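Asks: Got a predicted structure here, sequence first:
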Amino acid sequence: MRAILIDRIGPSSEMKLADLPTPVPGPGEVLIRVACAGVNPADWKCREGYLGAFFQYTFPFVLGFDVAGVVVALGQGAEGPPVGTRVFAQSDVGSGKWGSYAEFVSVRHDSVVTMPAGMSFAQAAATPTPALAAWAAVFSDGGLQAGQKILIHGGGGAVGTFAIQFAKHVGADVAVTCKASHRAYVEALGCDLSIDYQTQDIESAVRQWTPSGVDVVIDAVGGNTLPRALDMLATGGVLVSIMTLTAEDMERLPVVAAEAQQRGLRTAMTFSRTPCGEHLGKVAALIENANLHTPPIETLPLKEAARALDLLQSGNAGAKLVLHVADIDD
């Protein structure tokens, strides 16, 4: 099979298109023929060694967290969608196995979910990692409930796209920070207040909207881009930070957590849990039954994976990037 691989950790110049043996699904695994692979910040961080704390890299290593395609084989004891089913999933790259930047990928069966009716492979590949991060932030860690108020910092991105819709679906009031060019977009998704973080004081805008503060803050950006996040929380509120894996955040967040505890607040560093099929199945149901929207997508061919990651890493990606791997008939 063709795959994008690296022989050592490093910059995008280490990525190359090469031939590798097609995986054989092991016990409890599903072999997927890949139509599209999602492109996420975790991919370039994986390439540069940020995931070395979680597993030992074995080279050659295939990148890619998100996959959409068709089931072509089942390993012993694998349950779930049968051969021929259109599916999407998070790969097991976070456990050190080959990822989705390839023509085939083997994934544990409890991560694989049937695609919603009418969903394209590109839309499906754009969904797992950002949707699962948003799900964990809004529900698992944020505990958001109907009638509560939430601030989503970075609402114009893929995680924000899903977080806004999850929060509105549960009946919460939603404020969002974003660029001015994204305000119409986040408002169309249903947010109640959009804040241009480049020209407005975020805390002042939030306090004007809800003087007692919000119940949940989700920081989908990281770094020191929301320095007074705790000051915007209501009594008993929670600050949920999407795991960025950067050294800056790994050093900063424990300090913020200690301050939050002193003030009777909570913090959480969220990431998508694995196996993730249960929550991804709930996301699929909402997409199919509640008309949830996926982010705007730009598709590039597999051979341009390095360029895709460069665009993402530099902040110059204008949409959610997806790699087209193969044409698969519906």
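Replies: Looks like it arrived, so ask away. Numbers count the residues shown, from 1 in each chain.
Asks: who's in contact with the longest helix seen in the chain?
Replies: Ranked by residue count under DSSP state H, the longest helix found in the chain is helix 247-262. The contact list for helix 247-262 (C-beta atoms under 8 Å, 6 or more residues apart in numbering) reads G222, G223, N224, A229, L230, L239, S241, M243, R266, T267, M269. C-betas here are computed from N, CA, C, even on glycine.
Asks: Can you tell me how far the third one is from L132?
Replies: Meaning N224. Taking C-beta to C-beta, to the nearest Å as the measure, N224 falls 26 Å from L132.
Asks: ok, the two, which is more surrounded?
Replies: Neighbours were counted for N224 and for L132 using other C-beta atoms under 10 Å; L132 has more, 27 against 9.
Asks: Quick check on the more buried one: phi, psi?
Replies: phi -70, psi -40 (degrees, to the nearest 10).
Asks: Which members of the contacts of helix 247-262 occur in helices, if any?
Replies: Counting by DSSP H, none of the members of the contacts of helix 247-262 fall within helices.
Asks: now these in JSON lines, with pLDDT and distance to V105?
Replies: Compiled in JSON lines, the contacts of helix 247-262 are given as follows (pLDDT from 0 to 100; distance: C-beta to C-beta, whole Å):
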{"residue": "G222", "pLDDT": "87", "distance to V105": "28"}
{"residue": "G223", "pLDDT": "83", "distance to V105": "32"}
{"residue": "N224", "pLDDT": "85", "distance to V105": "36"}
{"residue": "A229", "pLDDT": "92", "distance to V105": "37"}
{"residue": "L230", "pLDDT": "95", "distance to V105": "41"}
{"residue": "L239", "pLDDT": "95", "distance to V105": "35"}
{"residue": "S241", "pLDDT": "92", "distance to V105": "29"}
{"residue": "M243", "pLDDT": "81", "distance to V105": "23"}
{"residue": "R266", "pLDDT": "92", "distance to V105": "37"}
{"residue": "T267", "pLDDT": "90", "distance to V105": "34"}
{"residue": "M269", "pLDDT": "81", "distance to V105": "27"}
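Asks: Quick one, which of those are buried?
Replies: Among the contacts of helix 247-262, the ones that count as buried by 16 or more other C-beta atoms under 10 Å are G222, A229, L230, L239, S241, M243, R266, T267, M269.
Asks: which residues touch the first one?
Replies: To tie it back to what came earlier, the one meant is G222. S241, I242, T244, T246, E248, D249.
Asks: Including distance to G277, could the residues you listed go into JSON lines?
Replies: Formatted as JSON lines, those follow (distance: C-beta to C-beta, whole Å):
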{"residue": "S241", "distance to G277": "25"}
{"residue": "I242", "distance to G277": "21"}
{"residue": "T244", "distance to G277": "25"}
{"residue": "T246", "distance to G277": "28"}
{"residue": "E248", "distance to G277": "32"}
{"residue": "D249", "distance to G277": "28"}
